[in-house]
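# Starting from these lines, generate the structure:
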Amino acid sequence: LADGSATNATPPFTNASVARPKTLVRLTSPDAVHKTKPPLVEDGSQPLSFANACNQIDHSTGIYVYAPKIPLEQERKDSNSDNGVVCSAWECRQFPRASGYAEDPATGIAAAALAASLKFGASNYGGDGDGKGQHGNFDIYQGTVMGRPSLIQVLNLRRDPDATVTSRDSSTKNLTRVSFGLQGLVEIDECCDIQVEY
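Sure thing, here's the model as predicted:
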C-alpha cells in the first residue's frame, strides 16, 4: 500500500478480529487514508503477492487503514448514551485480501475489530488496554474515496466479564469475548438482493 507520502516508513499495524482477522494500519490523518492506494494489476484485481502478504500476517483477510476523523480532543459526547460516553470518529478504507474487488465501501466486521482494538488493545489511544475508558461508541466512516460513503456505528462496546473463549485453532491463547451493536448507513445498488437470516 502506498499513502502518497514522501517517507517509506512502515506505519504501526496490528491484527484484530471479531470474526476474521483484519490487519489494522493507523495513519496520521484522513488525508493520508484517502491517498492510500491499494495494490492493483492492470485488470483492476489485486496481485497474488498482496494475498500472500496478508496470509503471512496471521492469515489476515485484508488491510484496514484508519485515522482519527477529527482531533481526539474534539470528540463529542454521544447523545444516545445516558452515561456521557464519548463517541470517537474514524476515517477508514478496507482493502480485502481476495474478494474479487480492490476496496469495500462498508465493512462491519472490520469496523468492529477496529473499535475493539482501540478500546481494549494494549496500545490504544485512550488508556492502558483494560477497556475501562469512556469510549464505547465509535463512528466509522468508509467508502469516501470510492464515492460510496458509509457510516458504521459500533455501539455499547464492552467486554463480557465472564466470557473467555479458546481460539478457533485450539491454541493455548485465550480470547476475550466482547459485546457490541452495529448500525449504519450504506448505499445499496438497485440490482442487489439482500437476504437476512435470523
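
# so P38 makes contact with A102?
Yes - P38 lies in contact with A102 (CB atoms under 8 Å); the separation is 4.7 Å. C-beta: built from backbone N, CA, C; applies to glycine.

# Quick check: which element contains the residue nearest to R97 when sequence neighbours are not counted?
In space, and not counting its chain neighbours, R97 is closest to C54: 4.0 Å by CB to CB, 6 or more residues apart in numbering. C54 belongs to helix 48-56 when assigned by DSSP states H and E.

# Likewise for W90?
For W90, the enclosing helix or strand under DSSP H and E is strand 86-96.

# tilt between the next helix or strand after that strand and strand 86-96?
With elements assigned by DSSP H and E, the helix or strand that comes after strand 86-96 is helix 108-120. Computed by axes from the mean of the first three to the mean of the last three CA atoms, to 10 degrees, the angle separating helix 108-120 from strand 86-96 equals 130 degrees.

# who does helix 108-120 touch, helix- and strand-wise?
Contacts defined by 3 or more CB pairs under 8 Å, 6 or more residues apart in numbering; DSSP states H and E place helix 108-120 against strand 13-16, strand 22-26, strand 62-68, strand 86-96, strand 135-142, strand 150-166, strand 174-185.

# Name the residues of it that come out as buried.
Neighbour counts over helix 108-120 (16 or more other CB atoms under 10 Å) mark 108-120 as buried.

# To A32, which of the helices and strands packed on helix 108-120 lies closest?
Smallest distance to A32 across these (CB to CB): 6.1 Å, for strand 62-68.

# what about stretch 178-195, average pLDDT?
Averaged over stretch 178-195, pLDDT sits at 68.

# Tell me the bridge partners for F13.
F13 forms beta bridges with V25, as assigned by DSSP bridges.

# which sections of the protein are below the confidence cut-off?
Applying pLDDT under 70 to the chain flags the ranges 1-11, 41-47, 71-87, 122-135, 161-177, 187-198.

# Let's see that with 90 instead.
Low-confidence segments of the chain (pLDDT under 90): 1-21, 28, 37-59, 69-88, 97-102, 116-138, 153-198.

# Only the buried residues of the helix or strand where D31 lies, if you could.
Using DSSP H and E, D31 maps to helix 30-35. Neighbour counts over helix 30-35 (16+ other CB under 10 Å) mark 30, 32-34 as buried.

# got it, and stretch 150-164?
Of the residues in stretch 150-164, those buried under the neighbour-count criterion (16+ other CB under 10 Å) are 150-155, 157, 159.

# Next: stretch 97-105.
For stretch 97-105, by 16+ other CB under 10 Å, it's 97, 102-105.

# From one end of that stretch to the other, what's the distance?
End-to-end distance of stretch 97-105 (CA to CA, to the nearest Å): 15 Å.

# I70: which of the buried residues of stretch 97-105 is nearest?
Nearest to I70 among these, counting by CB to CB, is P105 at 21.0 Å.

# Contact partners for the residue nearest to R97?
Shown in contact with C54 (CB atoms under 8 Å, 6 or more residues apart in numbering): 23, 60-63, 97-98.
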